[in-house]
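Student: build me a model:
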Amino acid sequence: MNPPVRCSWANPANPRYLAYHDHEWGVPCHDETTLFEMLNLEGAQAGLSWETILNKRDSYRAAFDGWDAEKIARYDTDKVAQLLANPGIVRNRLKVAAAIGNARAYLAMRAQGLTLDAYLWGWVDGKPLVNSWADGARPARTELSDRISKDLGKRGFKFVGSTIVYAYLQGIGVVDDHDRACFRHAGA
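Tutor: Numbering: from 1, shown residues only. Sure thing, here's the model as predicted:
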């Protein structure tokens, strides 16, 4: 039996990457903790490969207290030093500071009665955008990611440029960008 046809970016040599492609990427997510985690992981990925971050995901969860925003928002200089010494994550001072700032921005949203789930899915009326790009021809950003990026920035989030936001939207299933030939494409 032949293996299923997957998106061109899915590294067949990495079981973690295949599992991510097959079970998470492009799948609608409504879990607040996962939405917060993915926003920060996409930011950590800036300038690196997603595979690098995915391979460090478990270390990130441990280092950032299971992505508990209330705990992260209270991190002090000792905790930052501990994170910057942790080889299991990307030890970049700006990215660590961004995760802490993002926790604070997220909590400010929550204090206003707005969840990440309601916020993100509100941009698409609660329904995933299913694209049908030629295999491997998806854009790096879109008009939607431009608008969300700008709005997140106004809300105090960091490492939320349009390209990062578009990757985030794909990762959490707001956008389904599986290649047309991929077994996970909505039309397959």
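Student: residue ranges of the helices in this protein, please?
Tutor: Here the chain has its helices, by DSSP state H, at 15-23, 32-45, 50-55, 57-63, 69-73, 77-84, 93-111, 116-122, 143-154, 162-171.
Student: elements contacting the shortest one?
Tutor: Judged by 3 or more Cβ pairs under 8 Å, 6 or more residues apart in numbering; DSSP states H and E, helix 69-73 is in contact with helix 93-111. Bear in mind the C-beta positions are built from the backbone N, C-alpha and C, glycine included.
Student: and the angle for the helix it packs on with helix 77-84?
Tutor: 120 degrees (axes from the mean of the first three to the mean of the last three Cα atoms, to 10 degrees).
Student: what's the angle from helix 93-111 to helix 32-45?
Tutor: 150 degrees.
Student: surely residue 166 and residue 143 touch.
Tutor: No. Applying Cβ atoms under 8 Å, one finds residue 166 not in contact with residue 143, separated by 10.3 Å.
Student: which one's more surrounded, the two?
Tutor: For the pair residue 166 and residue 143, the greater number of neighbours falls to residue 166 (24 against 9), based on other Cβ atoms under 10 Å.
Student: just want the most central residue of this protein.
Tutor: residue 38 (3.1 Å; Cα atoms, centre = their mean).
Student: now that one: how far from residue 173?
Tutor: Separation of residue 38 from residue 173 (Cβ to Cβ, to the nearest Å): 10 Å.
Student: so what sits against both of these two?
Tutor: Residues touching both residue 38 and residue 173 by Cβ atoms under 8 Å, 6 or more residues apart in numbering: residue 29.
Student: next up, the contacts around residue 169.
Tutor: Contacts of residue 169 were listed using Cβ under 8 Å, 6+ apart, and they are 120, 144, 145, 148, 175.
Student: so how many other residues sit close to residue 81?
Tutor: Quick note: residue 81 (other Cβ under 10 Å) scores 11 neighbours.
Student: that one: what's it in contact with?
Tutor: Listed by Cβ under 8 Å, 6+ apart, residue 81 has no contact partners.
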